[in-house]
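Participant: The sequence and its predicted three-dimensional model are supplied below.
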Amino acid sequence: MNLKQEILSSDSIQPSALETCFAQIKKEKRIALMPFIMAGDPDLNSSAQILLSLQEAGADIVELGIPYSDPLADGPIIQLAASRALSSGTSPKAVLKMLSNLKEKLTIPVILFTYSNPLLNCGMEKFCDEAAKAGASGLVVPDLPLEEAEKLSLIAAERRLDLVLLVAPTTPSERMEKICSRSKGFVYLVSVTGVTGERLILEDRVKFLVEKLKQFSSNPVAVGFGISDANHITQVKEWGADGAIVGSALVKRISNASDGKAVEEAVAFCKELRKAAG
């Protein structure tokens, strides 16, 4: 049995949390709302409150960023959020502890967004063990090469974690097909060339890319990087996407909120986005 077969067979007993979530959303004929927040910005207690509040406000899946000092895929808004989180003492261990404390209250899947250096420093198996125990449903590691991702995907699948892989507009078709076939839970389509950040408009090529990815596999496709408002969600929904990931726009609202208003701002924005998601 080759590595790909091992990964598939190790996770084939029952659907993962992400697979179950997307299947239900498909039945409801809507798109998954997937907000991103940076753990520890402004502090971990606030992050815990925001996580629970986003769930109540209609988020389907939350992407939880683990702060890192050299976030190559992140634009200035999320970089600053990571810097603030690190300054407040947020560590991967502290993030997982916070998440673990919410296990009895969180019913939606949480995906951990991290970089390869912290993951490798901890050790793939140890990190996945601790992530699974904390209640995470998946991982996104944007700077991990596909070859390393195959190794991590097997380790993650053994612990009921989905390793979600990213496809960029510049990804060659042959490699895109490989990524689609090996991504678990869904395929993360990066809508722009470059880093995360708010955008005024979405490029029409996103529609073509969504259609192309769906030809390669039956995995749901979620669009991220540049999804900034309700109109963008409506657009990617019309283009056939299964999920919309909103990061910088939400992180900005949280960071700009007046004292004690971060949760309120996050909830208001999430409710607005949810109306567009269906």
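Facilitator: On my side now, so go ahead. Numbers count the residues shown, from 1 in each chain.

Participant: In the stretch 101-250 of the chain, what residue spans correspond to strands?
Facilitator: Taking DSSP state E, counting those that start in this stretch to define them, one finds strands in the stretch 101-250 of the chain at 110-113, 138-140, 162-167, 187-190, 221-224, 243-246.

Participant: Could you export those as CSV, including mean neighbour count and distance to Pro15?
Facilitator: Any C-beta I mention is one placed from the backbone N, CA and C, and that applies to glycine too. Putting the strands of the stretch 101-250 of the chain into CSV (neighbours: other CB atoms under 10 Å; distance: least, CB to CB, whole Å) gives the following:
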stretch, mean neighbour count, distance to Pro15
strand 110-113, 25, 16
strand 138-140, 25, 13
strand 162-167, 24, 10
strand 187-190, 26, 16
strand 221-224, 26, 17
strand 243-246, 28, 16
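
Participant: can you redo those strands as a markdown table with mean pLDDT and distance to Glu19?
Facilitator: Shown next, in a markdown table, are those (pLDDT from 0 to 100; distance: least, CB to CB, whole Å):
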| stretch | mean pLDDT | distance to Glu19 |
| --- | --- | --- |
| strand 110-113 | 98 | 13 |
| strand 138-140 | 98 | 10 |
| strand 162-167 | 97 | 8 |
| strand 187-190 | 95 | 13 |
| strand 221-224 | 96 | 13 |
| strand 243-246 | 97 | 12 |
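
Participant: Would you tell me which of these gets closest to Lys214?
Facilitator: Nearest of the strands of the stretch 101-250 of the chain to Lys214, taken as CB to CB: strand 221-224 at 6.3 Å.

Participant: Name the surrounding residues that touch the closest one.
Facilitator: 32, 34, 36, 186-191, 196, 206, 210, 213-214, 236, 240-247 (CB atoms under 8 Å, 6 or more residues apart in numbering).

Participant: and the gap between Val210 and Glu177?
Facilitator: 15 Å (CB to CB, to the nearest Å).

Participant: ditto for Trp239
Facilitator: 20 Å.

Participant: sorry, back to before: which of Val210 and Glu177 has more neighbours?
Facilitator: Using other CB atoms under 10 Å, the more surrounded residue of Val210 and Glu177 is Val210, with 20 against 17.

Participant: wait, that one sits on Glu238?
Facilitator: No. Counting by CB atoms under 8 Å, Val210 sits too far from Glu238 to count as a contact (10.2 Å).
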